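Asks: Quick one, what's the 3D model for this:
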Amino acid sequence: MLGESRSHSKGIWLVSEDGLWDICIGVLLFGFGLTASIDQIIWLIGVFVLVYFAILMAGKEAITRPRINNFNIQESQLVNFTLVTGVDILILILLLGVSGATFVKFEGLTSVGFIEDYALLILGILLSILLIQFGFILTHGFRFYLYAGMVLFAFSICQVLSWPVIPVLYIVGAIFTLIGLFYLVRFINSYPKSGAQGDKSI
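Replies: Sure, this is the predicted structure:
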């Protein structure tokens with residue numbers, strides 16, 4: 001019984017049809033843009049905390065968990081999720097580090113030339129790897145492969161053509177957020193809470 005409960009707890013994070021991952025990624029991209037605009041990394045950290053606790057954790061508990069019985073999460077998916085989570089944490093730390101070195105000038109610290117010169121490309125690659133992993137482990141995650149291609153293309157264009165990245169962050173963030181909201185509304189309407197009339201499985 002305890003093992004089944006833990007599986008359900010992990011399983012809610014693998015459901016991507018609720019759109020919460022899309023919304024989180026979109027808001028985080030806004031956070032990157034905000035950090036670059038006002039030159040204060042504390043805002044990025046604040047947005048990250050807000051996204052994780054207020055949107056992802058609260059949303060998964062309030063919206064996804066009551067509907068988890070509509071989804072058949074395989075044991076192999078849970079194992080892959082556990083393995084990938086460690087890699088994702090490392091990537092997020094690298095993203096925060098590269099963002100800080102790129103957009104925020106710390107007094108008294110030596111400039112990191114290589115990171116600054118290729119920062120947009122590095123950020124694009126790291127974000128794309130993160131999104132590809134989402135596509136691999138999440139249910140119906142194919143759209144995250146498309147997200148990865150979009151992000152890598154956008155950041156590469158900005159790097160090569162020296163375009164300002166802030167408008168791109170806001171535009172891509174808005175696209176991801178709107179798609180996430182669409183999936184969230186459809187999820188609530190399509191999948192009833194467990195025990196409600198009309199339960200269906202995939």
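
Asks: what about residue 167, how many neighbours?
Replies: Neighbours of residue 167 under the rule other Cβ atoms under 10 Å: 11. The C-beta positions use only the backbone N, C-alpha and C, and glycine is treated the same way.

Asks: Quick check: the gap between it and residue 178.
Replies: 16 Å (Cβ to Cβ, to the nearest Å).

Asks: One more: residue 128?
Replies: For residue 128, the distance to residue 178 - Cβ to Cβ - is 20 Å.

Asks: The residue nearest to residue 31 when sequence neighbours are not counted: what's it in contact with?
Replies: Of all residues not flanking residue 31 in the chain, residue 47 sits nearest, at 3.2 Å (Cβ to Cβ, 6 or more residues apart in numbering). Neighbouring residues of residue 47 by Cβ atoms under 8 Å, 6 or more residues apart in numbering: 27, 28, 30, 31, 34.

Asks: Let me know the closest of those to residue 133.
Replies: residue 28 (15.2 Å; Cβ to Cβ).

Asks: sorry, back to before: which one of the contacts of residue 47 has the most neighbours?
Replies: Within these, most neighbours by other Cβ under 10 Å means residue 28, with 24 neighbours.

Asks: show me the residues around that one that make contact.
Replies: Counting by Cβ under 8 Å, 6+ apart, the residues that residue 28 touches are 47, 48, 51, 173.

Asks: likewise residue 27?
Replies: So residue 27 contacts 47, 50, 51, 55, 173, 177 (Cβ under 8 Å, 6+ apart).

Asks: what's the closest non-adjacent residue to the fifth one?
Replies: Across the structure, with Cβ to Cβ, 6+ apart as the measure, the residue nearest residue 173 apart from its sequence neighbours is residue 29 (3.3 Å).
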